[in-house]
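Undergrad: Predicted structure and sequence below. I'll ask about it afterward.
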Amino acid sequence: MTNASKPSLPTEPRRKGMMHRLLRAITPLRSTVRFVREYRARYCPQVWRLEGRERTSGTPLVIVFAGQFENKNYVAHLAFADSPVEQALGRRWLWTLLPPKRKWKSDGVDVRIIELNENQRRWLAERFQFFVPIWIGSELDLQRAVARQNSSKNARNDLRRMRKNETAFEVTKNRDAFEYFYSNMYLPYIKNRYGNRAFPMSHEDMVGKLGCSELLFVTVRGERVAGDILLYEDDRARAWSAGVKDGDPSYVKAGAMRALDYLRSQYLAERGYKALHMGGSRPFLLDGVLRHKRELRARISDHTKRYFSLSLTAGSAGAKAFIANNPFIYENKGTYRGAIFIEPDLPLSPERLRELYDEYHMDGLAGLSLFDVRAGGEKQLAQISEDSLDGVVA
């Protein structure tokens, strides 16, 4: 009686061949799954109903928002005095979320905010009053920035304070330094400052850019207290991701981020860079990050190709309160404009127009558009630009 022969195991080349064929079979399936997910996110977004009191006026406000969870949290933080009552409505097909064509007919919703991409925006242009880029990019002219630092009284005071505190900078490409920054500065800072509104950079993204980036640390008496990843692409510099030690706001109050602004501009200008991309900011003109970039004289330069598409119910007290207290940047025929909402019976003298322009204008805006706050964006009262106010002093 003979023993049954044992089945032979695949040889190494056979195993590699089998794995290669398996991966080839799986790749189309992965692509299909990714396409389905992207299609669902784009055309069947998550929807929430938010209800509460408008942040500044206390007026009752109802918003229907469709899009990403973090952006929903941002809108809730922007619009409401306290945490609103949220009702998750699940996923809805985009065409079921469109505002009524007769916008003056109220259905209990004051403001609709639907995330749309560029193609959807063109398709639905007549159904929304405004298309507000979700993120606005800006650039800083480094030569102007350094000249202003050298001549500004406030900048000179900051410089004296930095010298007194032995503030300096350190630039490195060391992998361990990036790991330290990511875990001990960037993540704590972004989470402490923005909470559930944050879109943190992934560790994978950071590692993938190590070859074209540097890490600039601000040091005080030799201690690293703040930092920023500088990304270099196509002969351009970009301030990619900033953070402070342990996310501790006391370092910010002590001037760590002001020192970072100063030292970063000086370093890049000395290396011959002409401009620094400052990254993305929210498009609302009273947003703290955007206001800070305005103070630095950054210029609006670009935007992501996704939009908050706004539909406002005319005559709604909630919509009126929301837009009156949240002026924003919108895109119109390839240009950026600021939308300001005012009472129509207020006198618009040249001096008053100059005041509004000086308060809200930012380099890169083609101008400001003034709208009747009662008409939900349907009636424009005036347009302001530097040319129209030539010679007018507030």
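TA: Right, received. Where do you want to start?

Undergrad: Return the residues in contact with Gly52.
TA: Gly52 makes contact with Pro60, Leu61, Ala79, Phe80, Ala81, Asp82, Ser83, Pro84, Val85, according to Cβ atoms under 8 Å, 6 or more residues apart in numbering. Every C-beta, even on glycine, is put in place using the N, C-alpha and C of the backbone.

Undergrad: For the closest residue to Ala314 other than its chain neighbours, give its distance to Pro344.
TA: Distance criterion Cβ to Cβ, 6 or more residues apart in numbering; nearest residue to Ala314, sequence neighbours excluded, is Gly376 at 3.8 Å. As judged by Cβ to Cβ, to the nearest Å, Gly376 and Pro344 stand 12 Å apart.

Undergrad: ok, the two, which is more surrounded?
TA: More neighbours surround Gly376 than the other of Gly376 and Pro344, with 24 against 13 (other Cβ atoms under 10 Å).

Undergrad: List the residues that contact that one.
TA: Counting by Cβ under 8 Å, 6+ apart, Gly376 makes contact with Lys103, Gln129, Leu312, Thr313, Ala314, Gly315, Ser316, Ala319, Lys320, Ile323.

Undergrad: Report how many residues lie close to the fourth one.
TA: Number of residues near Thr313 (other Cβ under 10 Å) recorded here: 23.

Undergrad: Please report phi then psi for it.
TA: Main-chain dihedrals, Thr313, degrees, to the nearest 10: phi -80, psi 110.

Undergrad: And the pLDDT at it?
TA: With respect to pLDDT, Thr313 scores 88.

Undergrad: Check the second one too.
TA: The pLDDT attached to Gln129 in the predicted structure is 89.

Undergrad: just to revisit the earlier point, relative to Glu355, which of the contacts of Gly52 is nearest.
TA: For the contacts of Gly52, the closest approach to Glu355 (Cβ to Cβ) belongs to Ala79, at 25.6 Å.

Undergrad: For Thr56, see how far away the closest one is.
TA: Taking Cβ to Cβ as the measure, Ala79 falls 10 Å from Thr56.

Undergrad: Can you list the helices and strands that the helix or strand encompassing Asp176 packs against?
TA: In this assignment (DSSP states H and E), Asp176 forms part of helix 175-181. Here helix 175-181 touches strand 213-220, strand 223-233, going by 3 or more Cβ pairs under 8 Å, 6 or more residues apart in numbering; DSSP states H and E.

Undergrad: contact partners of whatever helix or strand comes next after that helix?
TA: Later in the chain than helix 175-181, the nearest helix or strand by DSSP H and E is helix 187-194. Helix 187-194 is contacted from outside by Ala198, Pro200, Met201, Ala242, Gly243, Val244, Asp246, Gly247, Asp248, Pro249, using Cβ under 8 Å, 6+ apart.

Undergrad: what about the third one, neighbour count?
TA: Read that as Met201. With other Cβ under 10 Å as criterion, Met201 counts 17.

Undergrad: Over to the fourth one?
TA: Counted with other Cβ under 10 Å, the burial measure for Ala242 works out to 22 neighbours.

Undergrad: Please parse this structure into its domains.
TA: The record's domain parsing of the chain by automatic domain parsing lists 137-281, 327-394.

Undergrad: any idea of the mean pLDDT for the longest one?
TA: The reference is to domain 137-281. Mean predicted lDDT for domain 137-281 stands at 93.

Undergrad: In the helix holding Asp176, which of the residues would be classed as buried?
TA: Buried residues in helix 175-181, defined by neighbour count with 16 or more other Cβ atoms under 10 Å: Ala177, Phe178, Tyr180, Phe181.

Undergrad: follow-up on the earlier one: so the residue nearest to Ala314 versus Gly90, what's the distance?
TA: Separation of Gly376 from Gly90 (Cβ to Cβ): 28 Å.

Undergrad: what's the answer for Arg271, then?
TA: Separation of Arg271 from Gly90 (Cβ to Cβ) stands at 51 Å.

Undergrad: More neighbours: which of those two?
TA: Arg271 (12 against 8).

Undergrad: Would you mind giving me the ChimeraX syntax to select the buried ones in the contacts of Gly376?
TA: Buried subset of the contacts of Gly376, written as a ChimeraX selection, criterion 16+ other Cβ under 10 Å:
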select :103,129,312,313,314,316,319,320,323
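
Undergrad: Next up, the contacts around the residue lying closest to Lys379 once chain neighbours are set aside.
TA: Nearest residue to Lys379, sequence neighbours excluded (Cβ to Cβ, 6+ apart): Asp372, at 4.1 Å. Asp372 makes contact with Phe341, Ile342, Glu343, Pro344, Glu378, Lys379, Gln380, Leu381 under the criterion Cβ under 8 Å, 6+ apart.

Undergrad: Could I get the phi/psi values of the nearest residue to the fourth one once chain neighbours are set aside?
TA: Closest residue in space to Pro344, ignoring its immediate chain neighbours: Asp372 at 4.5 Å, by Cβ to Cβ, 6+ apart. Listed backbone geometry of Asp372 is phi -70, psi 110, with angles given as degrees, to the nearest 10.

Undergrad: In terms of pLDDT, where does Asp372 sit?
TA: Looking at Asp372, its pLDDT is 93.

Undergrad: again with the one 3 residues further on
TA: With respect to pLDDT, Ala375 scores 87.

Undergrad: any idea how far the closest residue in space to Tyr182 that isn't next to it in sequence is from Gln68?
TA: Take Tyr182 and drop its neighbours on the chain: the residue closest to it by Cβ to Cβ, 6+ apart is Met206, 5.8 Å away. To Gln68, Met206 is 21 Å away according to Cβ to Cβ.
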